[in-house]
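J.: coordinates only, sequence not included:
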């Protein structure tokens, strides 16, 4: 079981590192997003009196974890189509090892990319203190597991990458936008306000703001955010493992 | 289960929702033999393959593999089988060595044992020189051998191949079989729609519409059709059937636009048939029975395979003389 999980984890990492365009894209996309948004809104938009570059920096970290999770879990669908997954399913490994390997692999990538971006913080005017960095890495690790678990579950249930893209636009993107990662959500329409409260990303982004910025105006308290994030991560990890262990005739197609 | 049988199956049935794919299939595979499932699309051979590879949950009937019950002990079976699917299960983005290493790790091998098994599998599949090559850069035949090497990592007692030679040229196909047959005491279960490949199996089972239509040694099956087969292509098959029956008291039957006569002495009819009906005959074909004839003999239907890959069509043409 340990070796099987290691193999599947290692495969995720090696495939990512070897795929030049995916590697470059994943490293550059958040930087470009941050430059565009903070450059464009820097004069006009100061949420809670904060420079937008600082506000959006935390949001970008959340975005990195989500996007990396999406692009690494979408490979589950390719694996199913190409037959690699069938090969694993007929090997003697317990099925939970598949979820474990994939989710840990994807989370490692998400966390790794987020940490690389985090190290750019001094260029944005955020002062890095060691305890804040460590706390942020802890939160990012939880958030990575949560979104990768979620992505894995969706990908496992999907038959096509096109379907997964649909889910991404209809469900995952709104989750990110309604979390306060890009802009604060206050005095909003009651429906938006309700969505924000049930959206688990809200708590992840909030926890990240508390950890990195030291304060998080407009977010629930640090304790509430942390509890929410831990529940999010645990639930998604469990859900991913659960869907894998259910056998169905779909596995044979 | 006796020790001489690697697989025994009794009354295996399977349905996808309402649609029955297998309707009570029974067979036994001797240990160390090569055993082929042959049938057209929709015959149930792929479903049977998927059941045996433990990937499809069993519905009805009983299957014993390598002394284990498939329903209750699939984990024990998985440790001792190797499976090659129609769609490649090797990762193109990785090298041959990496693929084998992962396969070994999935089998819970590590350290020296892992290294030894990899070397062994590479040598068996004649891939030692290619170990560092990315699979994406290999030819179709070599990729298949990587699949074989991967499934040999488990030192299996039984390998299952699903249309494993699809897309391979005859040389690559022979190479693949050479690797497999070189393994001691390995039972090989395979599905195929290539009759040349099926004819080389120790035993065959012909399937149609989820049922066994014939099984036995390829030679026996072909002998059962008897003597030779005379096929006459004509525009007016029905009329010719009647006339042939009258003229020669033979059991002529119509299949599509051809008339078929099977028998020990059909070759003696040829001159007479040509003399009396020559002007109405487009083509006359005399041959020893093939496995297609066995299928036709048992089901009354031609063995037609719709190939997903059009370039294979050429190879599928019946070549007999």
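T.: In hand now; what should we look at? These figures come from a predicted structure and were not determined experimentally.

J.: can you pull out the helices in the chain?
T.: I'll assume chain A. Taking DSSP state H as the criterion, chain A carries its helices at A:2-18, A:20-41, A:52-73, A:75-82, A:84-89, A:95-118, A:130-157, A:161-167, A:173-177, A:190-198, A:200-213, A:222-245.

J.: that's the other chain; I wanted chain B
T.: Across chain B, reading from the start of the chain, the helices by DSSP H fall at B:45-52, B:74-78, B:96-106, B:111-124, B:140-152, B:170-181, B:195-198, B:218-225, B:237-248, B:270-277, B:291-299, B:313-316.

J.: any chance of the helices of chain A in JSON lines, with distance to chain B and mean pLDDT too?
T.: Just so you know, the C-beta spots here come from the backbone N, C-alpha and C atoms, and that holds for glycine as well. Listed next are those as JSON lines, based on distance: least, Cβ to the nearest Cβ, whole Å; pLDDT from 0 to 100:
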{"stretch": "helix A:2-18", "distance to chain B": "4", "mean pLDDT": "94"}
{"stretch": "helix A:20-41", "distance to chain B": "11", "mean pLDDT": "92"}
{"stretch": "helix A:52-73", "distance to chain B": "13", "mean pLDDT": "94"}
{"stretch": "helix A:75-82", "distance to chain B": "6", "mean pLDDT": "90"}
{"stretch": "helix A:84-89", "distance to chain B": "3", "mean pLDDT": "91"}
{"stretch": "helix A:95-118", "distance to chain B": "8", "mean pLDDT": "96"}
{"stretch": "helix A:130-157", "distance to chain B": "15", "mean pLDDT": "96"}
{"stretch": "helix A:161-167", "distance to chain B": "16", "mean pLDDT": "93"}
{"stretch": "helix A:173-177", "distance to chain B": "28", "mean pLDDT": "94"}
{"stretch": "helix A:190-198", "distance to chain B": "36", "mean pLDDT": "92"}
{"stretch": "helix A:200-213", "distance to chain B": "31", "mean pLDDT": "95"}
{"stretch": "helix A:222-245", "distance to chain B": "13", "mean pLDDT": "96"}
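
J.: Could you dump those into JSON lines with distance to residue B:209 added?
T.: Supplementary listing: the helices of chain A in JSON lines, determined by distance: least, Cβ to Cβ, whole Å:
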{"stretch": "helix A:2-18", "distance to residue B:209": "39"}
{"stretch": "helix A:20-41", "distance to residue B:209": "46"}
{"stretch": "helix A:52-73", "distance to residue B:209": "40"}
{"stretch": "helix A:75-82", "distance to residue B:209": "28"}
{"stretch": "helix A:84-89", "distance to residue B:209": "25"}
{"stretch": "helix A:95-118", "distance to residue B:209": "33"}
{"stretch": "helix A:130-157", "distance to residue B:209": "32"}
{"stretch": "helix A:161-167", "distance to residue B:209": "33"}
{"stretch": "helix A:173-177", "distance to residue B:209": "48"}
{"stretch": "helix A:190-198", "distance to residue B:209": "52"}
{"stretch": "helix A:200-213", "distance to residue B:209": "51"}
{"stretch": "helix A:222-245", "distance to residue B:209": "34"}
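
J.: Mean neighbour count added to these, as TSV?
T.: Putting the helices of chain A into TSV (neighbours: other Cβ atoms under 10 Å in any protein chain shown) gives the following:
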stretch	mean neighbour count
helix A:2-18	19
helix A:20-41	14
helix A:52-73	25
helix A:75-82	20
helix A:84-89	23
helix A:95-118	23
helix A:130-157	22
helix A:161-167	14
helix A:173-177	17
helix A:190-198	12
helix A:200-213	25
helix A:222-245	18
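
J.: So for residue B:214, which of those helices sits nearest?
T.: When these are ranked by distance to residue B:214, counting by Cβ to Cβ, first place goes to helix A:84-89 at 29.6 Å.

J.: which strands and helices sit next to that closest one?
T.: The criterion is 3 or more Cβ pairs under 8 Å, 6 or more residues apart in numbering or on different chains; DSSP states H and E, and the helices and strands that helix A:84-89 contacts are helix A:75-82, helix A:95-118.

J.: how far out from the middle of the chain is the last one?
T.: Helix A:95-118 has its average C-alpha position 9 Å from the chain's average C-alpha position, going by Cα atoms, centre = their mean, to the nearest Å.

J.: Check the shortest one too.
T.: Between the centre of helix A:75-82 and the centre of its host chain there is 20 Å, according to Cα atoms, centre = their mean.

J.: and the residue lying closest to residue B:151 once chain neighbours are set aside, what does it touch?
T.: If the residues on either side of it in the chain are set aside, residue B:151 comes closest to residue B:82, at 2.8 Å by Cβ to Cβ, 6 or more residues apart in numbering or on different chains. Under the criterion of Cβ atoms under 8 Å, 6 or more residues apart in numbering or on different chains, the neighbours of residue B:82 are B:150, B:151, B:152, B:153, B:154, B:156, B:158, B:159, B:160.

J.: Quickly list what residue B:82 is bridged to.
T.: Taking DSSP bridges, one finds residue B:159 as the beta-bridge partners of residue B:82.

J.: Low-confidence regions, chain B specifically.
T.: Applying pLDDT under 70 to chain B flags the ranges B:1-3, B:305-321.

J.: Can you give the domain ranges for it?
T.: Using automatic domain parsing, the domain ranges for chain B come out as B:5-215, B:222-316.

J.: Single out the most deeply packed of these.
T.: domain B:5-215 (a mean of 19; mean count of other Cβ atoms under 10 Å in any protein chain shown).

J.: who wins for proximity to residue A:53 among the helices of chain B?
T.: Nearest of the helices of chain B to residue A:53, taken as Cβ to Cβ: helix B:96-106 at 41.8 Å.

J.: what separates that closest one from the chain centre, distance-wise?
T.: The offset between the C-alpha centroid of helix B:96-106 and the centroid of the whole chain comes to 28 Å, using Cα atoms, centre = their mean.

J.: Now do it against helix B:111-124, angle only.
T.: Here helix B:96-106 runs at an angle of 130 degrees relative to helix B:111-124 (axes from the mean of the first three to the mean of the last three Cα atoms, to 10 degrees).

J.: check contacts around the nearest residue to residue A:96 once chain neighbours are set aside.
T.: Taking Cβ to Cβ, 6+ apart as the measure, residue A:96 lies nearest to residue A:241, with 5.0 Å between them; neighbours along the chain are not counted. For residue A:241, the set of contacting residues under the criterion of Cβ under 8 Å, 6+ apart consists of A:96, A:99, A:100.

J.: repeat that with 10 Å
T.: The neighbourhood of residue A:241, defined by Cβ atoms under 10 Å, 6 or more residues apart in numbering or on different chains, consists of A:95, A:96, A:97, A:98, A:99, A:100, A:103, A:149, A:152, A:153.

J.: same thing with residue B:255?
T.: Taking Cβ under 10 Å, 6+ apart as the contact definition, residue B:255 lies against B:231, B:237, B:296, B:300, B:301, B:302.

J.: List just the nearest of these to residue B:270.
T.: The shortest separation between residue B:270 and any of the contacts of residue B:255 is 11.5 Å, and it belongs to residue B:231 (by Cβ to Cβ).

J.: quick one: that closest one and residue B:254 touch, right?
T.: No - here residue B:231 lies out of contact with residue B:254, judged by Cβ atoms under 10 Å, at a distance of 11.0 Å.

J.: Common neighbours of the two, please.
T.: When contacts are counted by Cβ under 10 Å, 6+ apart, residue B:231 and residue B:254 are jointly contacted by residue B:260.

J.: Spatially central residue (nearest the centroid) of chain B, please.
T.: For chain B, the residue lying nearest the average C-alpha position, counting by Cα atoms, centre = their mean, turns out to be residue B:192 (2.6 Å).

J.: From chain A, how far off is that residue?
T.: Between residue B:192 and chain A the computed distance is 18 Å (Cβ to the nearest Cβ, to the nearest Å).

J.: Contact partners for that residue?
T.: B:36-39, B:45, B:161-166, B:173, B:198-201, B:204, B:305.

J.: Now go through these and say which are in strands.
T.: Counting by DSSP state E, the part of these found in strands is B:36, B:37, B:38, B:161, B:162, B:204.

J.: which among these are in contact with chain A?
T.: Of the entries in the ones in strands among the contacts of residue B:192, those that also sit close to chain A under the rule Cβ under 10 Å from any Cβ of the partner chain are residue B:162.
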